[in-house]
Every structure is written in C-alpha cells, then in structure tokens.
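Undergrad: pasting a predicted model and its sequence here:
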Amino acid sequence: MPGGRLTQQERRQIASGLADGLAYAEIARGLDRPTSTVTREVTRNGGPTAYRAELAHRATEHRAHRRRAAAPRGPEALPQAHGRDAEAVREYEEVFTAVLVQSGLTRMMARVLVCLYTTDEGSLTASELVQRVQVSPASISKAIAFLESQGLVRRERDERRRERYIVDDDVWYQSMMASARGTAQFAETARQGVGILGPGTPAAARLENISRFVDFVSESIVRAAEQAREVLHTKVEATSDGAESG
C-alpha cells in the first residue's frame, strides 16, 4: 500500500470519484489508500460537494510550506499524554476542525472547541488556549463568547480564581436544548404570520406548514436529548458502581 502525501494525480482521481458519486471507501480502494486518507483529504478541502483537485493540491502545499517556515521559530510541540502520536493527533484535530467548519462554525470557534474536546481534562484557561491555538487573547475571548451562547462550553473559576472553559458530558445536552428553544421560537414566529397574512391564503398555509414541521422537529429533539441523557448517564453510573464493587 503506498504511503506518503497524495499526489496531484491521486487528487484528480478523488475529484473524479466524488463527481461519479462513489463512496470514500470505493475511491480509496482505487487508489490503494486507507479510507481515512481519502476522508481526511476531502473533509479538510471543502467537503464532497466543493472538493477541487487543483485547489486541494495547492492548499496542501501551502500548509506544508507554512509549517516548514514556522518550525524553527514556533514553540515546541506540546507533549502528548498516554503515548499518543503527536502527528496523528494534529491531523485528527485538523479533520475535526474542518467538520465543525462545515457545520457552520467559523474556523477560530471550531479550533477552540476541538482543543477543548481533545484535552483529557475537558477544560482550559484562556492563556492555555492562546498557547495551543497560537492566536490573540481577543480572538479566544470572541470565540468563547459565541460557543458559550450556544451552550457548547461553560465557564467556572478554579482554585486560583482563573476562568476555565469547560466541555463535559452534559454540554451537548445543553446545546441541543438551546437549539430546540431557538427552533420553537422560529415556529412561534411563523405561526404569528398566519393571522397577519390571513388564514386560508397560500402564504399563511405555507407558514402554518412550516410551524407544524418545526414544532415536530423541536419536540423530537427535546425528547431524544432527554432520553439520551437519561440512558447514557445511567450507563455511566452503573459502570462506575460495578468498578467500585469489584
């Protein structure tokens, strides 16, 4: 199986495979590459609908050049716990960041969130985030403010009175509930339009259908989030109890 960086020709084959609607695994087999290589390549370069071979090749060369230029001046790589492969962790963080960007976050917000997700502690201070992301404190502050508003992170003060930004097992539940509240508000606004535009009119009927659909989705999100929280929390408690009794 070939290793090393993808060639320009291989990137053209990936683009062709995507255009033909092939799955990542099928494209990878044609290249004799791991599926993860193709997944990472496409994700970090615009996703399946926006991937362009020439742009991807230039972007990869640019990233490699930037890393080489920064290496002598930049800080030493942070040590990895548990014997982790530092390069594999870095590449994974890039892929995770790209996925979050495709979901709607800015790159800075995505990088901050990935930093928090991939720490064993699940929390970092502002200065630690500045060191890891290599940006200004103002950029970190702006990213955290948005992530907190979406329920994706929370903050608390540690024993040294420093603010720590935290992700934990409850963060996604809180985020889903915030999303459901926003969705419910959208449905209510659409429903108000029915009376204003006149019941029975095409525009009012459209808004009524929208509000019903969005209401259904919002209620489903709340039910699913509550059920998942209860089941997963119960499993964690049961595992902990079992470990202690053993």
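TA: Thanks, I have it. Because the structure is a prediction, the values reported are computed rather than measured.

Undergrad: where's Glu156, which helix or strand?
TA: strand 154-157 (DSSP states H and E).

Undergrad: ok, Gln131 next?
TA: helix 126-133.

Undergrad: buried sites along that helix?
TA: Within helix 126-133, the residues scored as buried using 16 or more other CB atoms under 10 Å are Ala126, Glu128, Leu129, Val130, Arg132, Val133. For every residue, glycine as well, the C-beta is placed using N, CA and C.

Undergrad: again with stretch 139-150
TA: Those would be Ser139, Ile140, Lys142, Ala143, Ile144, Leu147, for stretch 139-150 by 16+ other CB under 10 Å.

Undergrad: returning to what we had before: which one of the buried residues of helix 126-133 is nearest to Thr97?
TA: Distance to Thr97, by CB to CB, is smallest for Val133 among those, at 10.3 Å.

Undergrad: and the pLDDT for the nearest residue to the closest one once chain neighbours are set aside?
TA: The shortest distance from Val133 to any non-neighbouring residue, by CB to CB, 6 or more residues apart in numbering, is to Arg111 (5.3 Å). We have a pLDDT of 92 for Arg111.

Undergrad: so Arg111 sits in a helix?
TA: Yes: using DSSP: H, G, I helix; E, B strand; the rest coil, the secondary structure at Arg111 is a helix.

Undergrad: please tell me how far it sits from Ala143.
TA: 8 Å (CB to CB, to the nearest Å).

Undergrad: list the contacts of Arg11.
TA: Neighbour list for Arg11: Glu41, Ala53, Glu54, Ala56, His57 [criterion: CB atoms under 8 Å, 6 or more residues apart in numbering].

Undergrad: look up the closest residue to it, ignoring the ones flanking it.
TA: Per CB to CB, 6+ apart, closest to Arg11 is Ala53, 4.0 Å.
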